[in-house]
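J.: predicted model, plus sequence, below.
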Amino acid sequence: MKMVDWAELGNDLLAEVALKLDAIEDFVYFSVVCRSWNRASSLVKRNWKSSMPYLLLAENHKENPNFLRQILSINNDRYYQLSLPQTFGTRCYGTSIGWLVSIDLDGQIDLLNPLTKERLPLPPQSTMPNRDLPVDGEEEDAICRRQDSIRKVIVVKDVERGNDGNDLIVFVSHTHWKRLLAFARPGDQTWTTIVPPWPAKETTYDVPFSHRAVDLVIRDNTLLILYEDASIGYLDLSDLSTTTVKAKEFLPSPEELKSRLDTYLLEMYLVESFGSLLMVHRNKSDIWVPDSQVDEDDRYETVGFEVFRFDIEVKKWEQVKELGDVALFVGDNQSISVRASDCRNCKSNCIYFTDDYAEQWDKPAKLGGHDMGIFDLKTGEFQKFYKGGNGNSDVCTPFWFMPQF
């Protein structure tokens with residue numbers, strides 16, 4: 001029987017095999033088998049995608065001279081270590097296209113690919129329009145400034161531009177109590193304001209609570225904006241080149257959800273899920289626990305989720321109890337939806353969540369990172385997906401990101 005020379009397989013076949021590899025290390029191992037396999041993998045490297053997000057754990061300062069950070073792959077229940085000194089001491093946010101967004105104590109904001117270590121500078125925080133400034137006689141606390149600067153971020157590719165850093169657009173909801181919108185591209189000098197759909201108030205600081213932007217999603221080359229009152233604004237990406245970039249109103253605050261919007265400690269997410277538009281309500285509650293540093297201190301935990309699907313025919317939100325073969329990933333990341341059947345160890349009809357309540361990460365007794373888990377939408381039960389260390393932090397708690405080269 002003639003032996004097969006695997007090195008002689010055609011590039012097209014090898015490339016197809018490489019793209020079906022789901023784990024990062026499998027793709028790397030594939031690329032070092034021989035020259036022909038390396039050549040084939042290099043041709044499709046930028047097109048490789050994981051089927052499921054990875055979890056970047058909090059930084060570990062103890063005996064860590066190489067600035068290693070762990071990432072968890074739930075797909076195969078493995079931990080990997082990456083040397084990421086650029087992320088130490090920075091607040092980071094995950095995206096669905098491979099990049100992280102980081103902001104340091106000096107207000108420098110960057111895009112970082114944790115796999116390739118490619119880094120693209122964005123305009124500094126000081127150029128964000130209408131951001132909160134210290135009043136006369138007060139000093140601006142760098143830590144608070146950083147923690148409160150960005151509340152939500154998404155990174156999208158502009159299909160009309162080339163396939164390099166210039167094709168990326170970063171949208172942020174910034175400044176804690178205002179949650180204003182702005183965008184920038186790598187290489188820009190300043191952030192550009194996205195004007196809300198409603199008439200301007202007397203001052204730029206007078207932002208109604210209901211008009212705060214809480215989440216963003218891209219759908220058919222259109223940016224959809226979820227506001228605090230559950231109204232939806234939209235912005236076509238082609239309008240970003242206009243002199244004044246202004247969002248339009250797509251859906252006013254829905255009457256069917258108004259009673260739910262008064263819930264204490266409610267966090268909302270907007271998710272594009274295989275053609276469906278979902279709004280996720282995350283309900284949290286204060287809990288009281290003893291603490292070694294204070295007599296007693298309030299903490300918080302997630303107590304439930306509700307999911308609503310938008311019915312485009314009647315323009316209403318309808319609550320759903322069944323997501324089918326879908327799992328959602330929410331937290332300090334661009335909200336992500338995956339097919340559970342495409343992933344190993346992924347539970348369908350569940351929501352994987354991480355701690356994103358940064359307002360409470362202000363002292364050791366309130367370190368963030370404890371509020372993580374899996375919520376089963378059908379049974380209402382919670383499970384743990386992570387029980388190790390490197391979870392708590394007052395700077396950057398664990399978050400989801402979708403790895404790409």
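T.: Okay, I see it. On a predicted model such as this, the values are computed, not experimentally measured, just so you know.

J.: dihedrals phi and psi, the residue nearest to Lys246 when sequence neighbours are not counted?
T.: Spatially, and ignoring its direct neighbours in sequence, Lys246 is nearest to Val195 (4.0 Å; CB to CB, 6 or more residues apart in numbering). (C-beta placed from N, C-alpha, C; glycine too.) Main-chain torsions, Val195, degrees, to the nearest 10: phi -70, psi 130.

J.: now do Val195, the pLDDT please.
T.: Val195 is assigned a pLDDT of 88 by the prediction.

J.: I'd guessed it sits against Thr244; true?
T.: Yes: under the criterion of CB atoms under 8 Å, Val195 makes contact with Thr244 at 6.2 Å.

J.: more crowded one of those two?
T.: Val195 (13 against 9; other CB atoms under 10 Å).

J.: from Leu237, how far out is the more buried one?
T.: To Leu237, Val195 is 16 Å away according to CB to CB, to the nearest Å.

J.: same check, this time on Ile150
T.: 20 Å.

J.: with neighbour numbers in mind, choose between these two.
T.: Higher neighbour count among Ile150 and Leu237: Ile150, with 25 against 18, using other CB under 10 Å.

J.: got the contact list for that one?
T.: Neighbouring residues of Ile150 by CB atoms under 8 Å, 6 or more residues apart in numbering: 91, 93, 101, 103, 109, 172-174.

J.: apply 10 Å and report the result again.
T.: 91, 93, 101-103, 109, 125, 128, 170, 172-176, 179, 182, 332, 358 (CB atoms under 10 Å, 6 or more residues apart in numbering).

J.: quick one: buried ones out of these?
T.: 91, 93, 101-103, 109, 125, 128, 170, 172-176, 179, 182, 332, 358 (16 or more other CB atoms under 10 Å).

J.: Pro398: neighbour count?
T.: Other residues near Pro398 number 25, with proximity taken as other CB under 10 Å.

J.: can I assume it is in contact with Pro53?
T.: No: using CB atoms under 10 Å, Pro398 makes no contact with Pro53, being 11.2 Å away.

J.: shared neighbours of these two, which are they?
T.: Shared contacts of Pro398 and Pro53 (CB under 10 Å, 6+ apart): 72, 94, 331, 333.

J.: and Ile287, how many neighbours?
T.: Using other CB under 10 Å, Ile287 has 10 neighbouring residues.

J.: hang on, I meant Leu13
T.: 10.

J.: name the SS class of it, please.
T.: At Leu13 the chain is in helix, as set by DSSP: H, G, I helix; E, B strand; the rest coil.

J.: from Asn392, how far off is it?
T.: Distance from Leu13 to Asn392, counting by CB to CB: 47 Å.

J.: Asp239 now?
T.: Applying CB to CB to Asp239 and Asn392 gives a distance of 42 Å.

J.: same check on Phe171?
T.: Phe171 sits 29 Å away from Asn392, going by CB to CB.

J.: comparing the two, which shows the higher neighbour count?
T.: Comparing Phe171 with Asn392 by neighbour count (other CB under 10 Å), the higher total belongs to Phe171, at 24 against 16.

J.: how about the nearest residue to that one, chain neighbours excluded?
T.: Per CB to CB, 6+ apart, closest to Phe171 is Phe183, 4.8 Å.

J.: export the strand or helix carrying the one you found as CSV, just CAs?
T.: Element membership of Phe183, judged by DSSP states H and E, is strand 180-184. Extracted C-alpha coordinates of strand 180-184, given in CSV (Å, rounded to 0.1, in the frame of the first residue of the first chain):
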residue,chain,number,x,y,z
LEU,A,180,-22.7,59.8,25.1
LEU,A,181,-21.8,58.3,21.7
ALA,A,182,-18.7,58.8,19.7
PHE,A,183,-16.6,57.0,17.1
ALA,A,184,-13.0,57.0,15.8
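
J.: just checking, what packs against it?
T.: Other helices and strands packing on strand 180-184, by 3 or more CB pairs under 10 Å, 6 or more residues apart in numbering; DSSP states H and E, are strand 150-157, strand 168-174, strand 192-194, strand 213-219, strand 222-227, strand 232-236.

J.: is it possible to export the ones you listed to JSON lines including distance to Arg299?
T.: As requested, the helices and strands packed on strand 180-184 are exported to JSON lines (distance: least, CB to CB, whole Å):
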{"stretch": "strand 150-157", "distance to Arg299": "21"}
{"stretch": "strand 168-174", "distance to Arg299": "25"}
{"stretch": "strand 192-194", "distance to Arg299": "35"}
{"stretch": "strand 213-219", "distance to Arg299": "22"}
{"stretch": "strand 222-227", "distance to Arg299": "27"}
{"stretch": "strand 232-236", "distance to Arg299": "33"}
